[in-house]
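Peer 1: Next come a sequence and a model predicted from it.
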Amino acid sequence: MNFNRKYLSLCATVAFGLFVFGASPAMAQISLGTAQSFGVLAGSTVTNTGATTVTGNLGVSPGSSVTGFPPGIVTGGTIHLNDAVAAQAQSDVTTAYNAIAGTACTVDLTGQNLGGLTLTPGVYCFSSSAQLTGTLTLNALGNANSLFIFKIGSTLTTASGATVQVINPGTNCNIFWQVGSSATLGSGTSFVGNILALTSITLNTGANVSGRVLARNGAVTMDTNNVAVCGPNFACPVITVNPATLPNGVVGTPYSQTVSAVGGTGPYTFTVSSGALPNGLTLNATTGVISGTPTAAGTFNFTITATDSNGCPGSRPYSITMAGAPGCPVITVNPATLPPGIIGTPYSQTVSATGGTPPYTFTVSSGALPPGLTLNATTGVISGTPTTAGQFNFTITATDANSCPGSRPYSIVIPVVPGCPFITVNPATLPPAALGIFYSQTITASGGTPPYTFTVSSGALPPGLTLSPTGDDATAVISGTPTMVGLFTFTITATDANGCPGSRTYSLQFPGGPPVPPPGGTVPTLSEWGAILMALLIIAACTFFLVGHSKAALSLATAVPSTAFTGTEKALDWKLLARTAMYVEAGIALALIALSANPVDIFGALTSGLVAAFILHLLIGGARRR
């Protein structure tokens, strides 16, 4: 029995060690290899119009057509038409393209225009297309080897006069644009970095690139452009960073691993070119040793770049998971990235955790959320309205019921809208509405330059309601009669005369069942007045029968005149009818005014009142004759 216990304990220890210290998934090597020397490389054809200058090699493979040189010129390199050099360069481009595609995202920019942003080193992802209008600034944070990767699901397009610039100090060589289909640079665009497009690349008139234009399968089309390779303009070797993976670690336990490089000319300089090492660890730039004592649990993604003595780089992305203290499971914080926000527009995203024992407590353990946003410690919801533009880096830690932690670093980008003030949309919330009852609520905007244009920018209004201008420069109105049960969430955006936006998200809920009565009392709807009229007629017929007018009732039923109604005395006393109607209608009108009824209900009520007055007149007149 003791032997079995010892054996089970040993197995458990070994299993825990394998789990904690097992290698993380392999990450592909990022290196342009022999494509380093090419300013332009196409898969099918290269076509040029005008006085284009390409510094570095120009090539095509497996195609063999290059036209427009001259008038275009190639300096510092040669033209390679489907030769062994061009074929190898295409092979190296494919390897680099696939390596970038497999790199984990650090920031999701889907749907965000790159213009006006200032970004720090990282891996930025677009699930579909990417657009640049204006200026994109890349802040290298003082690291000459800082790495910027842009993963774009479909197309990359820049507007005329768009600019990409690197500051503090950075280099154009370490910027990669992996494009899922085609890239098009607008006229006069000033662009930096290496464009690796799956299909074609088009440089419109006057567009200039400091970097490389590399199309895998399609054509490169140019018109009076300048393309200059950055860094070494000779073919760099493929520099491989090793090992392929790094082992995981445990919080509070010293960690030490060495990263090395081969393929280039030593010595090498090692840098963390994007992402961040786990808290408590550092990288020695000369020896490549990663060491220290981890202080936070979680999964950490980063890229290490090795640069040889000739300036040729090679990079590899890594992922390290740090488990909590011994006895704690690995707690994973999700999602992997958070979407960007917009100044003045409500933001809401939920962070969750798995792997531990619920409930979890969520905290911002390092860095800071964008101003205007807060983290709910219980639900993990990040919400609020951003008030300041910028890129905000922070770490969220989830602690489970047993005090075991897990963390993940995040980055949220809040873009700058140049020259725009903070525009506020009011009210903060909408008053409740009732199904089948007319609704009207005014929306206002302030802080910008009137007039404002109001739109439903996301979601949809409840069926039956519309958003309309009021004629006032700063207001709109939501009005109509709701017709459908459900919860409806939508965002209204007010855009001022200068194109500056402000938004607010609203919700209206309509539960099932009968319509909810308005405040102040219960007023029947128009359909109910029909039932009331029918009830009054039935009551009248029954009353005449009970008071001895059976003969009259029988006469009515058989369409035979009755003296009960047409005797020698007048059956219809117009003065009595007028007085009765006046009193009944006045009473109904006062009651409806007190209940704040709408015009449709007032019409139905007064119509029913006339029937009631006529019935009362007959009863009173009959009583007088008896």
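Peer 2: In hand now; what should we look at?
Peer 1: which ones are touching the residue lying closest to T337 once chain neighbours are set aside?
Peer 2: Sequence neighbours aside, D108 is the residue nearest to T337 in space, at 4.2 Å (criterion: C-beta to C-beta, 6 or more residues apart in numbering). Just so you know, the C-beta spots here come from the backbone N, C-alpha and C atoms, and that holds for glycine as well. For D108, the contacting residues are C125, S127, T337, L338, P339, P340, by C-beta atoms under 8 Å, 6 or more residues apart in numbering.
Peer 1: hmm, try it at 7 Å
Peer 2: Counting by C-beta atoms under 7 Å, 6 or more residues apart in numbering, D108 touches C125, T337, L338, P339.
Peer 1: can you list the domains in the chain?
Peer 2: Listed domain ranges for the chain are 33-228, 238-323, 332-414, 424-510, 531-625 (source: automatic domain parsing).
Peer 1: In JSON lines, list those domains along with mean pLDDT.
Peer 2: As requested, the domains of the chain are arranged in JSON lines below (pLDDT from 0 to 100):
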{"stretch": "domain 33-228", "mean pLDDT": "92"}
{"stretch": "domain 238-323", "mean pLDDT": "89"}
{"stretch": "domain 332-414", "mean pLDDT": "90"}
{"stretch": "domain 424-510", "mean pLDDT": "87"}
{"stretch": "domain 531-625", "mean pLDDT": "56"}
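Peer 1: Select from the contacts of D108 the one having the most neighbours.
Peer 2: In terms of neighbours by other C-beta atoms under 10 Å, the contacts of D108 top out with C125 at 22 neighbours.
Peer 1: element containing it?
Peer 2: strand 122-126 (DSSP states H and E).
Peer 1: and that strand, how far from the chain's centre?
Peer 2: Its chain's C-alpha centre and that of strand 122-126 lie 14 Å apart, by C-alpha atoms, centre = their mean, to the nearest Å.
Peer 1: hmm, who's touching it?
Peer 2: 103-110, 149-153, 274-275, 411.
Peer 1: partners of the helix or strand just after it in the sheet?
Peer 2: Moving toward the C-terminus from strand 122-126, the next helix or strand (DSSP H and E) is strand 130-132. Applying DSSP bridges, strand 130-132 is found paired with strand 156-158 (parallel).
Peer 1: ok, now which ones touch L338?
Peer 2: D108, Q349, Y410, I412 are the contacts of L338 under C-beta under 7 Å, 6+ apart.
Peer 1: burial of T67, as a residue count?
Peer 2: Neighbours around T67, by other C-beta under 10 Å: 10.
Peer 1: er, P62 actually
Peer 2: 11.
Peer 1: Also T444?
Peer 2: 16.
Peer 1: I figured it hits A476, correct?
Peer 2: No - assessed by C-beta atoms under 7 Å, T444 is found out of contact with A476, at 8.2 Å.
Peer 1: Tell me how many other residues crowd S507.
Peer 2: So S507, with other C-beta under 10 Å, has 11 neighbours.
Peer 1: With adjacent residues omitted, what lies nearest to it?
Peer 2: Using C-beta to C-beta, 6+ apart, the closest residue to S507 is T489 (4.7 Å).
Peer 1: sec struct for the one you found, please.
Peer 2: Secondary structure for T489, judged by DSSP: H, G, I helix; E, B strand; the rest coil, is strand.
Peer 1: measure it to L136 for me?
Peer 2: Applying C-beta to C-beta, to the nearest Å, the value for T489 to L136 is 32 Å.
Peer 1: who has more neighbours, the two?
Peer 2: A count of neighbours by other C-beta under 10 Å puts L136 above the other of T489 and L136, at 23 against 12.
Peer 1: how about A89, phi and psi?
Peer 2: phi -60, psi -40 (degrees, to the nearest 10).
Peer 1: if I look at it, how far off is T332?
Peer 2: Applying C-beta to C-beta to A89 and T332 gives a distance of 40 Å.
Peer 1: Could you check which of these two has the larger neighbour count?
Peer 2: A89 (25 against 19).
Peer 1: N217 contacts I201, doesn't it?
Peer 2: No - using C-beta under 7 Å, N217 is not in contact with I201; the gap is 11.0 Å.
Peer 1: that older thread, ok, now which ones touch the residue nearest to S507?
Peer 2: G459, T505, S507.
Peer 1: returning to that earlier point: looking at N217 and I201, which is more packed in?
Peer 2: Set N217 next to I201 and count neighbours by other C-beta under 10 Å: I201 wins out with 28 against 16.
Peer 1: neighbouring strands for the strand holding C125, and are they parallel or not?
Peer 2: Assessed with DSSP bridges, strand 122-126 is paired to strand 107-108 (parallel), strand 148-152 (parallel).
Peer 1: Out of the contacts of strand 122-126, which is nearest to N82?
Peer 2: I152 (27.7 Å; C-beta to C-beta).
Peer 1: With adjacent residues omitted, what lies nearest to A130?
Peer 2: In space, A130 is closest to I152, 4.6 Å off (C-beta to C-beta, 6+ apart).
Peer 1: Please apply the same query to G447.
Peer 2: I423 (4.5 Å).
Peer 1: A99 falls within a helix, correct?
Peer 2: Yes - counting by three-state DSSP, A99 is part of a helix.
Peer 1: ok, now how distant is it from K151?
Peer 2: For A99, the distance to K151 - C-beta to C-beta - is 11 Å.
Peer 1: For stretch 444-459, list every residue counted as buried.
Peer 2: T444, A445, S446, G448, Y452, F454, S457 (16 or more other C-beta atoms under 10 Å).
Peer 1: Among those residues, which pair sits farthest apart?
Peer 2: For the buried residues of stretch 444-459, and using C-beta to C-beta, no pair is farther apart than S446 and S457, which are 17.9 Å apart.
Peer 1: Strand partners (parallel or antiparallel) of whichever strand or helix holds I412?
Peer 2: I412 belongs to strand 405-414 when assigned by DSSP H and E. Looking at strand 405-414 with DSSP bridges, its partner strands are strand 390-399 (antiparallel).
Peer 1: buried residues in the partner strand?
Peer 2: Q391, F392, N393, F394, T395, I396, T397, A398, T399.
Peer 1: got it, and stretch 478-490?
Peer 2: I478, S479, G480, T481, P482, F488, F490.
Peer 1: Wait, the first one touches L465, no?
Peer 2: Yes - under the contact definition of C-beta under 7 Å, I478 touches L465, with a separation of 5.6 Å.
Peer 1: rewinding a little: which one of the contacts of strand 122-126 is nearest to G211?
Peer 2: F150 (12.2 Å).
Peer 1: how many neighbours does the closest one have?
Peer 2: F150 has 24 neighbours, counted by other C-beta under 10 Å.
Peer 1: how far away is it from G116?
Peer 2: 16 Å.
Peer 1: Check the gap between the residue nearest to A130 and P317 for me.
Peer 2: In terms of C-beta to C-beta, I152 sits 17 Å off from P317.
Peer 1: quick one on the thing from earlier: among the contacts of D108, which ones are in helices?
Peer 2: Taking DSSP state H, every one of these sits outside helices.
Peer 1: what two of these have the greatest distance between them?
Peer 2: Top of the distance list for the contacts of D108 (C-beta to C-beta): C125 and L338, 11.8 Å.
Peer 1: related to what we said a few turns ago, quick one: which of the contacts of D108 sit in strands?
Peer 2: Members of the contacts of D108 lying in strands (criterion: DSSP state E): C125.
Peer 1: Need the contacts of D108 in a markdown table (columns: distance to G311).
Peer 2: Converted to a markdown table, the contacts of D108 look like this (distance: C-beta to C-beta, whole Å):
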| residue | distance to G311 |
| --- | --- |
| C125 | 28 |
| T337 | 32 |
| L338 | 35 |
| P339 | 37 |
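Peer 1: Relative to V46, which of the contacts of D108 is nearest.
Peer 2: Nearest to V46, judged by C-beta to C-beta, of the contacts of D108 is C125 at 29.5 Å.
Peer 1: what pairs with the closest one across the strands?
Peer 2: Assigned bridge partners for C125, using DSSP bridges, are D108, K151.
Peer 1: So which residues make contact with the strand holding I412?
Peer 2: 106-107, 109, 112, 117, 122, 276, 296-300, 324, 330-333, 338, 340-341, 343, 353, 355-356, 365, 370, 386, 388-399.
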